[in-house]
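Peer 1: How does the following fold in three dimensions:
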Amino acid sequence: MIPVSKKSFHKRKITTFITKNKKTILRVLLFILSFAITLISCNAQSTLPSTNITPGAYQLEKYISLLKGKRVGLVVNQTSVINNTHLVDTLLSLQIDIKKVFAPEHGFRGKADAGEKVKDGVDTKTNLPIISLYGKNRKPTIEQFSDLDIIIFDIQDVGTRFYTFISTMHYVMETASETDKKVFIFDRPNPNGMYVEGPVLDMDYKSFVGMHPIPILHGLTVGELAEMINGEKWLDGKRKCDLTIIPMENWDHSKSYSLPIKSSPNLPNDLSIQLYPSLCMFEGTNISLGRGTLLPFQQIGHPSFTNFTYSFTPESIDGMAKYPKYEDEVCYGIKFDIDNGVHGFDISYLIQFYNTFKKLNKDDDFFIKYFNTLAGNSTLKSQIIAGKTETEIKATWEKDLNKYKVLRKKYLRYPDFE
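Peer 2: Reported below is the predicted structural model:
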């Protein structure tokens, strides 16, 4: 018998143990790696803006254990990040079983123009299937949810009724309620969350740019709105979905918020987001609001307004506006900046530009059919044509707004601005 050294004996025992327990050892190593990545991601929160606002997605410790062993779908776009890493990449690194990605208006990477059809496809980085929720398929099908347990919605909103991401959220919740799937909302700040203004939607004008009886500036985060949709039974058939909100920390409705990533191609900065609720109404008119320039939603004009000294010329810009209104024509009008920027929901410029059109005997060409859809009623157009002042018009919204404000308080998760 050949003697065996202690060193060789222990080495052989270790080799045998590893061979017999490969799977267990691998699982332990993966757990350690997952835990390490979680710690790194959590510690990375120290790189957040000085406001220390912590969006829901950043708080991995609140939801990662709930996703383990589940089949997950994500409704996300370019704003769905934890620091500089996309949520999809973060979850994949933590061994979460992501089955597919659902893309809203502008697409998964946020490069499609407003209104442009978003196509199904495959993400080249992760090879995950991408299913469009903008185009013919705005509501996920029961089949598309059949291989999922949890659907995560994590998209930066800007707080207006006609911003279509909240309509996509509604339809996701609706299909989830029909298929007994869970929906997780990763909450993010509303940069216009300090305002509750504008007419409440007349449900006769319900559309993809207005699905709920809420004002144009609704003063809710997507998480708060999701709970309102559920609580008020606004889903089809008055259903409720199994909803989990991952809330923010250190944010309230009085706080401004500078978006680290632009929320859509034509909202490139804080000023455009501030002006968007008011200037978006010009989408329902024959006025250019700067699409096809580097200052969309920061200037308004028309080729015939030559009495204005300021001018701009819309051009085709890939990824922003391929076919802008008045392409290659000089438009005259107004440029907004910090000094003359409007806040909340301001219709004074809408009235001013209508009256300018009227002086040119072109008032019949001012409004297009889409205006009433955006306004959520037929009265605003009629009031402007009738020569009502902004004060008179806003007074007609007061009753419905006060009723809505009472409703809103039921669903607030964060301190209010009042």
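Peer 1: Where does pLDDT dip in the stretch 1-150 of the chain?
Peer 2: Applying pLDDT under 70 to the stretch 1-150 of the chain flags residues 1-51, 106-107, 109-120.
Peer 1: host element of the most centrally placed residue in the chain?
Peer 2: The C-alpha lying nearest the average C-alpha coordinate of the chain belongs to residue 157 (CA atoms, centre = their mean; 3.3 Å). Element membership for residue 157, per DSSP states H and E: none, as it lies in no helix or strand.
Peer 1: who's in contact with residue 67?
Peer 2: 91, 96, 150 (CB atoms under 8 Å, 6 or more residues apart in numbering). Any C-beta I mention is one placed from the backbone N, CA and C, and that applies to glycine too.
Peer 1: hang on, I meant residue 66
Peer 2: Residue 66 neighbours (CB under 8 Å, 6+ apart): 150, 184, 244.
Peer 1: Export the residues you listed as a markdown table, with columns for neighbour count, distance to residue 331 and secondary structure.
Peer 2: Converted to a markdown table, the contacts of residue 66 look like this (neighbours: other CB atoms under 10 Å; distance: CB to CB, whole Å; DSSP: H, G, I helix; E, B strand; the rest coil):
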| residue | neighbour count | distance to residue 331 | secondary structure |
| --- | --- | --- | --- |
| 150 | 21 | 47 | strand |
| 184 | 22 | 44 | strand |
| 244 | 16 | 47 | strand |
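Peer 1: Closest one to residue 400 out of those, please.
Peer 2: Nearest to residue 400 out of these is residue 244 (CB to CB; 31.0 Å).
Peer 1: Quick one: residues contacting the closest one.
Peer 2: Residue 244 makes contacts with 63, 66, 182-185, as judged by CB under 8 Å, 6+ apart.
Peer 1: Apply 10 Å and report the result again.
Peer 2: The contact partners of residue 244, by CB atoms under 10 Å, 6 or more residues apart in numbering, come to 62-63, 66, 150, 152, 182-186, 223, 226.
Peer 1: give me the number of residues near residue 270?
Peer 2: Neighbour count of residue 270, defined by other CB atoms under 10 Å: 15.
Peer 1: Excluding chain neighbours, what is closest to it?
Peer 2: Counting by CB to CB, 6 or more residues apart in numbering, residue 258 is the residue found nearest to residue 270 once chain neighbours are left out, at 5.4 Å.
Peer 1: Next, please give the residue ranges for the helices of the stretch 51-200 of the chain.
Peer 2: Using DSSP state H, counting those that start in this stretch, the helices of the stretch 51-200 of the chain run over 64-67, 87-93, 165-179.
Peer 1: any idea where the strands of the chain begin and end?
Peer 2: Secondary structure of the chain (DSSP state E): strands at 71-76, 81-82, 85-86, 97-103, 121-122, 129-132, 150-154, 182-186, 197-200, 215-217, 242-246, 299-302, 310-312, 331-335.
Peer 1: rewinding a little: next one, pLDDT for the residue nearest to residue 270 please.
Peer 2: For residue 258, the pLDDT comes out at 93.
Peer 1: Tell me how far it lies from residue 297.
Peer 2: From residue 258 across to residue 297, the span is 16 Å (CB to CB, to the nearest Å).
Peer 1: Residue 56 too?
Peer 2: Distance from residue 56 to residue 297, counting by CB to CB: 27 Å.
Peer 1: quick one, which of those two is more surrounded?
Peer 2: More neighbours surround residue 297 than the other of residue 56 and residue 297, with 25 against 22 (other CB under 10 Å).
Peer 1: Now for the closest residue to that one other than its chain neighbours, how many residues are close by?
Peer 2: Nearest residue to residue 297 in three dimensions, chain neighbours excluded: residue 272, at 4.2 Å (CB to CB, 6+ apart). Counted with other CB under 10 Å, the neighbours of residue 272 add up to 23.
Peer 1: For residue 272, give me its contacts.
Peer 2: 158, 262-264, 266, 279, 289-290, 295-298, 336, 341.
Peer 1: I'd like those laid out as CSV, including distance to residue 143 and pLDDT.
Peer 2: Listed next are these as CSV, based on distance: CB to CB, whole Å; pLDDT from 0 to 100:
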residue, distance to residue 143, pLDDT
158, 32, 97
262, 33, 91
263, 30, 91
264, 29, 90
266, 33, 93
279, 40, 97
289, 39, 97
290, 41, 97
295, 43, 97
296, 37, 97
297, 38, 97
298, 43, 97
336, 46, 95
341, 46, 68
